[in-house]
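Novice: one predicted model, sequence on top.
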Amino acid sequence: MRIIIFGAPRVGKGTQAKILSSHYKIPHISTGDILRKIIDDGKEIGLVVKDILSKGELVPDSIMKELIEKTLKSDNCKSGFILDGFPRTLAQAVLLEEIFAELKLETLFFIRIQISENVIVNRLTQRRVCANCGYIVNLNLIENHDECPSCRQLGTFTKRKDDEEEVIRHRLEVYHKTTAPILEYYKSKSDIIIIDGRKTVEEITSDIFSALEKAQSN
Ligand SMILES: [Zn+2]
């Protein structure tokens, strides 16, 4: 099973990727993990990557290609993988296509968890963290907006900077700008499985499984 999963920031893409990974016994490959690992390895390329990231710059596609190719070639990707966070640009999508051709990898499934921008903004701006126990709540989902449902402390909710509407809208804008062309690119080559991201984690998982079953039997 080879899967590429797409979704705007915070739609629960990582959660679903982890569930799929354990269900199909395939590695969950996130770009962040790959970069962290290469830095931890302490080899020359790791130092280069560390330097780039510490300047807040993007890792060049040529390096990403090398890292992704090496990862997909490794033994634990033999029976498949789930790619999360790559490709992030159209150029990376083209690179990935080259890697797949070189490694003769076929039958890919593209999953897109879709959700409207307003729903994400609404969800995230209502998110609070308990300063006492770290529990994360959505104010839309609890009745008492003053009491932490986990530790029962009163008045401990704080809002993270990341959850300010402006920050979220900016991240979404960047995401759409870079991802829309990638989806267009893949749409012309393959079917994309669209999943309704407004549902619960369990419902989304079950929708993904049934869509994959259906796609496999085609
Ligand atoms: Zn608490």
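Specialist: Cool, the structure landed. Numbering: from 1, shown residues only.

Novice: what residues does the chain put near the ion?
Specialist: Residues of the chain found near the ion (CB under 5 Å from the ion) are Cys130, Asn132, Cys133, Tyr135, Cys148, Ser150, Cys151. (Each C-beta comes from the backbone N, C-alpha and C, glycine too.)

Novice: all strands for the protein, in order.
Specialist: Using DSSP state E, the strands found in the chain span residues 2-7, 28-30, 81-84, 109-114, 127-130, 136-138, 157-158, 192-196.

Novice: and the contacts of the second one?
Specialist: When you say that, I think you mean strand 28-30. 14, 17-18, 20-21, 68, 71-72, 77, 81-86 (CB atoms under 8 Å, 6 or more residues apart in numbering).

Novice: follow-up on the earlier one: adding mean pLDDT and mean neighbour count, write the strands of the chain out as JSON lines.
Specialist: As requested, the strands of the chain are arranged in JSON lines below (pLDDT from 0 to 100; neighbours: other CB atoms under 10 Å):
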{"stretch": "strand 2-7", "mean pLDDT": "92", "mean neighbour count": "23"}
{"stretch": "strand 28-30", "mean pLDDT": "92", "mean neighbour count": "20"}
{"stretch": "strand 81-84", "mean pLDDT": "94", "mean neighbour count": "23"}
{"stretch": "strand 109-114", "mean pLDDT": "93", "mean neighbour count": "21"}
{"stretch": "strand 127-130", "mean pLDDT": "93", "mean neighbour count": "19"}
{"stretch": "strand 136-138", "mean pLDDT": "90", "mean neighbour count": "14"}
{"stretch": "strand 157-158", "mean pLDDT": "94", "mean neighbour count": "16"}
{"stretch": "strand 192-196", "mean pLDDT": "93", "mean neighbour count": "17"}
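
Novice: any chance of a markdown table for those, columns distance to Leu212?
Specialist: Below are the strands of the chain laid out as a markdown table (distance: least, CB to CB, whole Å):
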| stretch | distance to Leu212 |
| --- | --- |
| strand 2-7 | 8 |
| strand 28-30 | 15 |
| strand 81-84 | 11 |
| strand 109-114 | 6 |
| strand 127-130 | 30 |
| strand 136-138 | 28 |
| strand 157-158 | 38 |
| strand 192-196 | 7 |
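
Novice: would you map the helices across the protein?
Specialist: 13-24, 31-41, 44-54, 61-73, 90-102, 117-125, 165-187, 201-217 (DSSP state H).

Novice: other SSEs contacting the first one?
Specialist: Helices and strands in packing contact with helix 13-24 are listed as strand 2-7, strand 28-30, strand 81-84, strand 109-114, helix 201-217; criterion 3 or more CB pairs under 8 Å, 6 or more residues apart in numbering; DSSP states H and E.

Novice: if you set the cut-off to 7 Å instead, what comes out?
Specialist: strand 2-7, strand 28-30, strand 81-84, helix 201-217 (3 or more CB pairs under 7 Å, 6 or more residues apart in numbering; DSSP states H and E).

Novice: that concludes my questions; thank you for your assistance.
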